[in-house]
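Undergrad: okay, predicted coordinates and the sequence, questions at the end:
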Amino acid sequence: MTTNYRPTIPTWSQPCHCGSDKKFGNCCRNRLPGFDIGKKYTKECDKEHWELALLATRADITQYTIWHNSHTAPVTHHESVVGYMLWVDINALGSYLERLQWLYDRTGRLSNWLETLDRLRNNIQHRSWYRKIAYYRALFFLRPGYDVAEARRELKKAGPITLQETDVQILQIFIDLEFQRLTFADRLKYLDRILEVSKDLGDQLQYRASKAVQYFLIGDARAAEELFSEVVELGRKPENLPLTKYQRHMYVRAFQHLGMLRHDSKILEESISTFNEIMMDGSWTPIGQAAIYREIAECYKFLEQWHDAETTVRTGLDLHDTPIDRIHLAEALLYQKKATEACAEIDRLKPAELLSPALDDYCLAYAAIAIWSEDQQRLGFAKAHLESYNPDEPYFRERRLNLLLTVNEGISKQKISQDQKDASAPKGGFLALLSKFLMVQPNFGGIGLNFNAIFEELAKRKAPVSSVNNEVQK
């Protein structure tokens, strides 16, 4: 195979493989790295020379595509021979695309990313590569300010995504987009499929915790606690340390949830400390910082430190104003017996504009605030909200039913007992665990981690080099 090797290099006037829309002779021809692929990119990144790193990444993509066209492409008709080689090439080239996407964001070129992906689609002439391109196109619409509907349309181009799927990234984005539409049984099946296919520690932490969430939502708190315990143990194993930024965030979220389920003040206090440490690393956008403050506020709620919870939520709102945080602020005010102020906060929101999980929180929060206010008009609105609210999860259905019974009694008798008020606002907060447990699959944009930081972590992964290319090097 080595003696017959003939590199398939583009001619001077052919389009360059890097997706730049330039001719090969005017683009990567004089920058091909050969067997030093990836080294210049790393060197320039270390110096924060982003434009030079971008040129190096383009050259790496071109180089790897030449290798693919020289070795793997000529034998693609031999499925028994090419299967593993093709898989390696697609994943390796995909790693270089992750670097390119990160650098597009870093250098302000993301507006050109979709056109670049269209050109890169031709680098590997195989359906598996076309599906990978569909994944990157869908991912584009999940950045901050994302368009979920457009992301779904792009992902459909990858074809049906079943439980036989072997591409972890496609499974992840499918779950991110379609999870709420699946039944409980199917949710678990897709989570288990990711855990089976991916051995990445971040995936193991994230999706094991997601399974714990699902069991909690059907009322099996014991199974949820056991699964969260497993996640915490996995994150503490010496062989897994030190955790990356993303892994540490997944770990502390599981640790925090474990503290909530156990009502363990020590775990919650340690979680607050760890969340503060995570936020200090400089990787978080204002959206991400606000999300971390929301996590910290949840801990304060379970510790019944309601003034600290209020202050923390307000800090998050100053960074990024969201309906969920407005609802949480109303909750913190109510628990401090500031019902009038809680009413003022909840009245700032328009329920018709809310989607789950904010709508879940709103309906239950509004009802509790109405019960404490004993205002007949407000109780009437609460009744209408609860009657139109039809949650799928047993956890929310039970809460809704109990609140509706109290609201109806308050309307009919025009009197609500203190016991009923206390029941509507239980220890730990009537919102504690609600929106948190629904947000089970943080995506690249949605978790608020700086988009650069996500791709920086991906970009640091060493791209695999196929066995064929190793033979050529020899």
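TA: Thanks, I have it.

Undergrad: who are the contact partners of the spatially closest residue to residue 147 that is not a sequence neighbour?
TA: Nearest residue to residue 147 in three dimensions, chain neighbours excluded: residue 141, at 4.7 Å (Cβ to Cβ, 6 or more residues apart in numbering). Backbone N, C-alpha and C define where each C-beta goes, glycine included. Under the criterion of Cβ atoms under 8 Å, 6 or more residues apart in numbering, the neighbours of residue 141 are 147, 148, 150, 151, 154.

Undergrad: for residue 141, phi and psi?
TA: For residue 141, the backbone dihedrals are phi -90, psi 0 (criterion: degrees, to the nearest 10).

Undergrad: repeat that for residue 418.
TA: Per degrees, to the nearest 10, the backbone of residue 418 is at phi -60, psi -40.

Undergrad: that one and residue 212, how far apart?
TA: 35 Å (Cβ to Cβ, to the nearest Å).

Undergrad: these two - which one has more neighbours?
TA: More crowded of residue 418 and residue 212, by other Cβ atoms under 10 Å: residue 212, with 27 against 7.

Undergrad: I'd like the distance between that one and residue 397.
TA: Computed as Cβ to Cβ, the residue 212 to residue 397 distance reads 20 Å.

Undergrad: output the below-cut-off pLDDT ranges for this structure.
TA: By pLDDT under 70, the weakly predicted segments of the chain are 1-6, 76-82, 144-146, 356-357, 428-474.

Undergrad: next SSE after the lengthiest helix in it?
TA: Determined from DSSP state H, the single longest helix within the chain is helix 79-106. Later in the chain than helix 79-106, the nearest helix or strand by DSSP states H and E is helix 113-120.

Undergrad: elements contacting the helix or strand just after that following helix?
TA: Using DSSP H and E, the helix or strand that follows helix 113-120 in sequence is helix 127-140. Helices and strands touching helix 127-140, as assessed by 3 or more Cβ pairs under 8 Å, 6 or more residues apart in numbering; DSSP states H and E, comprise helix 79-106, helix 113-120, helix 148-156, helix 168-178.

Undergrad: for the second one, name the packing helices and strands.
TA: Under the contact criterion of 3+ Cβ pairs under 8 Å, 6+ apart, helix 113-120 touches helix 79-106, helix 127-140.

Undergrad: number of nearby residues for residue 71?
TA: So residue 71, with other Cβ under 10 Å, has 22 neighbours.

Undergrad: I figured it hits residue 85, correct?
TA: Yes. Applying Cβ atoms under 8 Å, one finds residue 71 in contact with residue 85, separated by 7.3 Å.

Undergrad: give me phi/psi at residue 23?
TA: phi -70, psi 150.

Undergrad: on the strand side of things, show who it bridges to.
TA: The partner list for residue 23 in beta bridges (DSSP bridges) reads residue 15.

Undergrad: so who does it touch?
TA: Counted by Cβ under 8 Å, 6+ apart, residue 23 has contacts 12, 13, 14, 15, 16.

Undergrad: which ones are touching the first one?
TA: Just to be clear, that refers to residue 12. Residue 12 neighbours (Cβ under 8 Å, 6+ apart): 23, 24, 25, 29.

Undergrad: I'd like these as JSON lines, with distance to residue 119 appended.
TA: Converted to JSON lines, the contacts of residue 12 look like this (distance: Cβ to Cβ, whole Å):
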{"residue": "23", "distance to residue 119": "13"}
{"residue": "24", "distance to residue 119": "12"}
{"residue": "25", "distance to residue 119": "17"}
{"residue": "29", "distance to residue 119": "17"}
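
Undergrad: got a winner among these for most neighbours?
TA: residue 24 (21 neighbours).

Undergrad: ok now the host helix or strand of residue 185, how far from the chain's centre?
TA: Assessed by DSSP H and E, residue 185 sits inside helix 184-197. What separates the centre of helix 184-197 from the centre of its chain is 16 Å, taken as Cα atoms, centre = their mean, to the nearest Å.

Undergrad: over to stretch 110-129?
TA: 23 Å.

Undergrad: who's in contact with that stretch?
TA: With Cβ under 8 Å, 6+ apart as the criterion, stretch 110-129 contacts 15, 17-21, 61, 65, 68, 73, 76, 86-87, 89-90, 93, 97, 100-101, 104, 130, 133, 136-137, 140, 143, 167.

Undergrad: could you rerun that using 6 Å?
TA: The contact list for stretch 110-129 (Cβ atoms under 6 Å, 6 or more residues apart in numbering) reads 17, 19, 65, 90, 104, 133, 136, 137, 140.

Undergrad: gap between the last one and residue 168?
TA: This means residue 140. Residue 140 is 19 Å from residue 168, by Cβ to Cβ.

Undergrad: out of the two, which sits in the busier spot?
TA: Taking other Cβ under 10 Å, residue 140 and residue 168 do not tie; residue 140 has more neighbours (21 against 17).

Undergrad: wait, what's in contact with that one?
TA: Residues in contact with residue 140 (Cβ under 6 Å, 6+ apart) are residue 113.

Undergrad: do that again at 8 Å, thanks
TA: 110, 113, 114, 117, 151, 154.

Undergrad: again, but for residue 234
TA: Residue 234 neighbours (Cβ under 8 Å, 6+ apart): 201, 204, 205, 208, 240.

Undergrad: against residue 191, how distant is the last one?
TA: The reference is to residue 240. For residue 240 relative to residue 191 (Cβ to Cβ), the value is 20 Å.

Undergrad: confirm residue 372 sits in a helix?
TA: Yes. Under DSSP: H, G, I helix; E, B strand; the rest coil, residue 372 falls within a helix.

Undergrad: right, I'll leave it there.
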